[in-house]
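# Quick one, structure for this:
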Amino acid sequence: MPQTLTLPKFTFEDGTTLREVPVAYQTWGTLNAAGTNAVLACHALTGDTDVADWWPGLLGADRALDPTRDFVVCLNVPGSPYGSVSPLTAHPETGTRYGPDFPSVTTRDTVRLHRRALEQLGVRRVACAVGGSMGGMHVLEWAFETTDDGAPFVRSLVPIAVGGRHTAWQIGWSEAQRQAIYADPKWRDGQYPPDDPPRSGLATARMMAMVSYRSQPSFEDRFGREVMEERDDRPYAVESYLRYQGDKLVDRFDAHCYVQLTKQMDTHDVARGRGDYETVLASIQQPTLVVGIDSDVLYPLEEQEELAEHLPRTTMEVLSAPHGHDSFLLELDELSAMVAGWRARRDVTSTSVTA
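Sure thing, here's the model as predicted:
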């Protein structure tokens, strides 16, 4: 079950300081006495802390995330509706939701906030950070966190289905989805009654996102031109699927959180304020397993190949599947074998505590 810890205060990159900042998390396994066997599972855009639910094939004995040896931790991202501080959180002084006054959160804010939370949990070093899509962005940002003596706080990295920065292509998809939410009559600059949220705009945004998460062959194979005969308006099967996905999300998510999180993803750029992009990538010294998906149209394989070209201690694996970007949430046995195998080989060959 999710738990929550509260940080007394936290200052975001935009200068906003919030007090009594909740961070939701779940753990599996036991933290060792040294506080060094933590493994981070970083969730995607609409994910939560329950790794056992959305990555069940990766969590378990002899799996990529092994609670028999790892202290597996998943922390909810700020801006998400699943327990961490977000537009839905009540201001500790006024008791009203932050709503549109919630700060502009960056990927670096998330990592800094989660670092504080991990330290409160007793974690002194992280053995490995693993995540796909938005989670992969946070994995790459963790590369720059260091201990007091300058050693990497996270000793190895597994970014999946992501690049080193959000491109115009990905920002364009995000903005189109946000505009669908803004066009909802109930949005009104982010002000809406808690019991009457802008459902249609969020549902449309999710439908758009689902197209980008899959691939043309996947849609063609699954739906083709099939018509749902039992419906009066006779929608094509793919239309019915997208409507279902949109309706399902609005039952569990919030429009303002969706806007905040997509904007956070757009800030993703490991080189921002650090120097030349390729030079910054080359400065990441942790062993890194880069996983790409050969049918991904949202974060195409070229982006993972770029990471593998410039990161100095990289292994690259390709998940071959027809399902597009979402394959990292569907092809679980193959992905777990990739990550677990790489971690096992690293354990055998590693000779340095900072490796």
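# for this structure, which helix is longest?
Determined from DSSP state H, the single longest helix within the chain is helix 332-349.
# Would you mark the buried spots in that one?
Within helix 332-349, the residues that qualify as buried are Leu332, Glu334, Leu335, Ser336, Met338, Val339, Ala340, Trp342, Arg343, Arg346, counting by 16 or more other Cβ atoms under 10 Å. Any C-beta I mention is one placed from the backbone N, CA and C, and that applies to glycine too.
# what does that helix rub up against?
With contact meaning Cβ atoms under 8 Å, 6 or more residues apart in numbering, helix 332-349 is reached by 55-58, 62-64, 66, 128, 130, 156, 158, 160, 287, 289, 291, 315, 317, 319, 321, 328, 355.
# For ChimeraX, write a command that selects the buried ones of those residues.
Listed next is the ChimeraX selection for buried residues among these, using 16+ other Cβ under 10 Å:
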select :55,57,58,63,64,66,128,130,156,158,160,287,289,291,315,317,319,321,328
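# Could you give the number of residues near Glu302?
10 (other Cβ atoms under 10 Å).
# which ones are touching Ala308?
Taking Cβ under 8 Å, 6+ apart, one finds Val290, Thr314, Met316 in contact with Ala308.
# try 10 Å
Counting by Cβ atoms under 10 Å, 6 or more residues apart in numbering, Ala308 touches Leu281, Thr288, Leu289, Val290, Gly292, Thr314, Thr315, Met316, Glu317.
# Narrow these to those in strands?
Counting by DSSP state E, the part of the contacts of Ala308 found in strands is Thr288, Leu289, Val290, Gly292, Thr314, Thr315, Met316, Glu317.
# Dig out what the second one forms beta bridges with.
Under DSSP bridges, the beta-bridge partners of Leu289 are Thr315.
# Please report how far it lies from Leu319.
12 Å (Cβ to Cβ, to the nearest Å).
# Give me the common contacts of the two.
Common contacts of Leu289 and Leu319 (Cβ under 10 Å, 6+ apart): Ile160, Met338.
# Low-confidence ranges, the stretch 51-200 of the chain, go.
Judged by pLDDT under 70, the stretch 51-200 of the chain has no weakly predicted residues.
# got the residue ranges for the helices in it?
The residue ranges that make up the helices of the stretch 51-200 of the chain, judged by DSSP state H, counting those that start in this stretch, are 51-54, 107-120, 134-142, 168-182, 199-213.
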